[in-house]
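**Q** quick one, structure for this:
(chains A and B)
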Amino acid sequence: DAGVTQSPTHLIKTRGQHVTLRCSPISGHKSVSWYQQVLGQGPQFIFQYYEKEERGRGNFPDRFSARQFPNYSSELNVNALLLGDSALYLCASSLLRNTEAFFGQGTRLTVV
Amino acid sequence: EDQVTQSPEALRLQEGESSSLNCSYTVSGLRGLFWYRQDPGKGPEFLFTLYSAGEEKEKERLKATLTKKESFLHITAPKPEDSATYLCAVHGSSNTGKLIFGQGTTLQVKP
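**A** This next block holds a predicted model:
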């Protein structure tokens, strides 16, 4: 069974640039959520999408945006990158909105 | 305010030395408490879901329990391969699908 897949696995960007991270959920899962995890902390919620609509947004600036496609895959976009955006970005898929979430391996973003 | 607190932050055990990790939570209307294991540089791996006080789940050397205010992850006779960070999470009250995580407990098991 294919789990949650994220791409790319690692990424280095310069301050001010834009980045797009991609996620494919487990087959049959309709909900995708995005989290940011900095070293030594638990993941912080960014967005949840369910049936292609945004259903939840965390406390992140408008530079962060996301969308979900008809095949339930998702993209996270971050504009005007700051050094503080350096983190592990995690995608999680779940069958429904409040069922168990299964995480991908993450995308390690480094902003220099 | 919804909150999850884990203790201790770090735990060192000898192989075979059993112990417990604690997760205290504050949330209105619990809709699931989740335990994950996370290896360095990787995404969290799902372990257990608990829904109601008194519920218990087991998997190999791990057993998770739940009360109205906290959850415990009991590790029996751990092995070095159990070394990882263990994360606890709950769904927030706002019904946005948001998982609220604790900061994790980093477990090191020495042979």
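
**Q** who in chain A is up against chain B?
**A** With CB under 8 Å from any CB of the partner chain as the criterion, chain A meets chain B at residues A:4, A:6, A:31, A:33, A:35, A:40-45, A:48, A:50, A:55-58, A:88, A:90, A:92, A:94, A:97-106, A:108. C-beta here means a position set from N, CA and C on the backbone, and glycine is covered the same way.

**Q** ok, now which ones touch A:Glu100?
**A** By CB atoms under 8 Å, 6 or more residues apart in numbering or on different chains, the contact list for A:Glu100 reads A:94, B:32, B:34, B:46, B:49.

**Q** same check, this time on B:Pro80
**A** Going by CB under 8 Å, 6+ apart, B:Pro80 touches B:15, B:109-111.

**Q** please repeat the previous calculation with a cut-off of 10 Å.
**A** Contacts here follow CB atoms under 10 Å, 6 or more residues apart in numbering or on different chains; on that basis B:Pro80 touches B:13, B:15, B:108-111.

**Q** and of the residues you listed, the nearest to B:Lys69?
**A** Of all these, B:Leu13 has the smallest distance to B:Lys69: 25.1 Å, by CB to CB.

**Q** test my guess that that closest one contacts B:Lys110.
**A** Yes: the criterion here is CB atoms under 10 Å, and B:Leu13 meets it with B:Lys110 at 7.2 Å.

**Q** what's the overlap in contacts for those two?
**A** Overlap of the contact sets of B:Leu13 and B:Lys110 (by CB under 10 Å, 6+ apart) consists of B:78, B:80, B:83.

**Q** neighbours around the first one, how many?
**A** In this case it means B:Pro78. Using other CB atoms under 10 Å in any protein chain shown, B:Pro78 is surrounded by 22 other residues.
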